[in-house]
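Q: Pasting a predicted model and its sequence here:
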Amino acid sequence: MSSPSAEVNQASQVATPGRLCAECGLDNPATARFCFCGHNLVAPPLPPPPVGVGGWLLFLCLQLAVLNPAVIGLQVAADFQVIVAGGLLWSRIGMMALLDATIRALLVLAGFISTILLFKHVPLAVRVTQTVLIASAVSHFLLVGLPFALGVPEPGRLHIAGAYMYRAAQLVLWTGFWVIYLSKSRRVRATYGGRTPVGERR
Ligand SMILES: [Zn+2]
C-alpha cells in the first residue's frame with residue numbers, strides 16, 4: 001500500500017511526461033526541478049509586466065506636472081509677498097528671490113517636458129526624467145549658496161540659507177526614490193525598453 005503523497009507524486013509524473021526547458025530546449029525528466037543549464041523548470045513564468053503610464057509612474061507624472069509646480073508656485077508667491085511687503089523688491093534679497101524663482105521655474109518646465117515624453121512613450125523619457133530629477137536636487141543645493149553669492153546682509157542671510165537647505169534636503173529623498181524606481185521598475189522597462197538586469201528573466 002502506498003502513501004497518499006506517493007500517489008500524488010506518481011500522478012504528477014504521469015501528467016507531465018517530460019519537462020522541456022524553456023531556456024535551452026533540453027527535454028528533462030519529469031522529476032527534474034532544474035535543467036542542466038540552470039534554468040528553474042518548476043517556477044511559474046513571471047506574469048507580463050504592466051505597460052504604460054499607470055501605478056507609481058502615474059504618481060511620478062502627477063508630481064512632476066501638478067504637485068511640484070503647485071508647491072513651487074505657492075512658495076514663490078509667499079516669498080514675494082514678504083519681500084514686497086517689506087519693500088525689499090529692489091534689494092539684494094529681491095534679486096536673490098527673482099533668481100531663485102527663475103531657476104525653479106526652469107526646473108518646473110523641464111518636469112513638464114519629462115512628463116510629456118513619459119506619456120508619449122519616448123524611449124529617452126526615462127533618461128531625461130532621471131536627469132531632470134537629479135538636476136533639480138543639485139540646483140536646489142546650489143541655490144543654498146545664493147544669499148552668500150549675492151551678499152545678502154545678516155541676519156537674513158543665514159536664515160534664508162537655512163530655509164533653502166531644508167528645501168534641498170527634502171528634495172533629495174524623493175529624487176533618490178524616483179531615480180531608483182525608474183531604473184528598477186518592470187513597468188518602466190516594459191514601456192520604454194531597456195536592458196534586462198542580470199538575474200531577472202524578461
Ligand atoms: Zn535548459
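A: It's in.
Q: Contact residues of the chain facing the ion?
A: 21, 23-24, 26, 35, 37, 39 (Cβ under 5 Å from the ion). For glycine as for every other residue, the C-beta is placed from the backbone atoms N, C-alpha and C.
Q: where's residue 93 relative to residue 99, distance?
A: From residue 93 across to residue 99, the span is 11 Å (Cβ to Cβ, to the nearest Å).
Q: higher neighbour count, those two?
A: A side-by-side neighbour count of residue 93 and residue 99, using other Cβ atoms under 10 Å, places residue 93 first with 21 against 14.
Q: can you give me the strands in this protein?
A: 19-20, 27-28 (DSSP state E).
Q: Need those strands in TSV (columns: mean neighbour count and mean pLDDT).
A: As requested, these are arranged in TSV below (neighbours: other Cβ atoms under 10 Å; pLDDT from 0 to 100):
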stretch	mean neighbour count	mean pLDDT
strand 19-20	16	84
strand 27-28	14	89
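Q: Looking at these, spot the one closest to residue 65.
A: Checking the strands of the chain against residue 65 by Cβ to Cβ gives strand 19-20 as the closest, at 47.7 Å.
Q: Just give me the residue closest to the centre of this protein.
A: residue 178 (2.2 Å; Cα atoms, centre = their mean).
Q: Just confirm that one contacts residue 132, I think it does.
A: No. Here residue 178 does not reach residue 132: they are 10.0 Å apart, not a contact under Cβ atoms under 8 Å.
Q: residues contacting residue 61?
A: Residue 61 makes contact with 53, 115, 118-119, according to Cβ atoms under 8 Å, 6 or more residues apart in numbering.
Q: Next one, pLDDT for it please.
A: Looking at residue 61, its pLDDT reads 97.
Q: Which residue, neighbours along the chain excluded, lies closest to it?
A: residue 115 (4.8 Å; Cβ to Cβ, 6 or more residues apart in numbering).
Q: ok, the one you found to residue 69 distance?
A: Residue 115 is 10 Å from residue 69, by Cβ to Cβ.
Q: Which of these two has more residues huddled nearby?
A: With neighbours defined as other Cβ under 10 Å, residue 115 and residue 69 compare such that residue 115 has more, 21 against 18.
Q: how far away is that one from residue 62?
A: 9 Å.
Q: circling back: weed out the non-buried ones from the contacts of residue 61.
A: 53, 115, 118 (16 or more other Cβ atoms under 10 Å).
Q: Pick the one among these closest to the ion.
A: Using Cβ to the ion, residue 53 comes nearest to the ion of the buried ones among the contacts of residue 61, at 36.5 Å.
Q: Least confident secondary structure element in the chain?
A: helix 4-15 (a mean of 47; mean pLDDT, DSSP states H and E).
Q: From the residues of the chain next to the ion, list the buried ones, please.
A: Counted by 16+ other Cβ under 10 Å, the residues of the chain next to the ion give 21, 35, 39 as buried.
Q: Can you add pLDDT and give the residues you listed back as TSV?
A: Below are those laid out as TSV (pLDDT from 0 to 100):
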residue	pLDDT
21	88
35	90
39	89
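Q: Give me the subset of these lying in helices.
A: Taking DSSP state H, every one of those sits outside helices.
Q: Same list (those) but as CSV, adding distance to residue 183.
A: Listed next are those as CSV, based on distance: Cβ to Cβ, whole Å:
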residue, distance to residue 183
21, 30
35, 30
39, 26
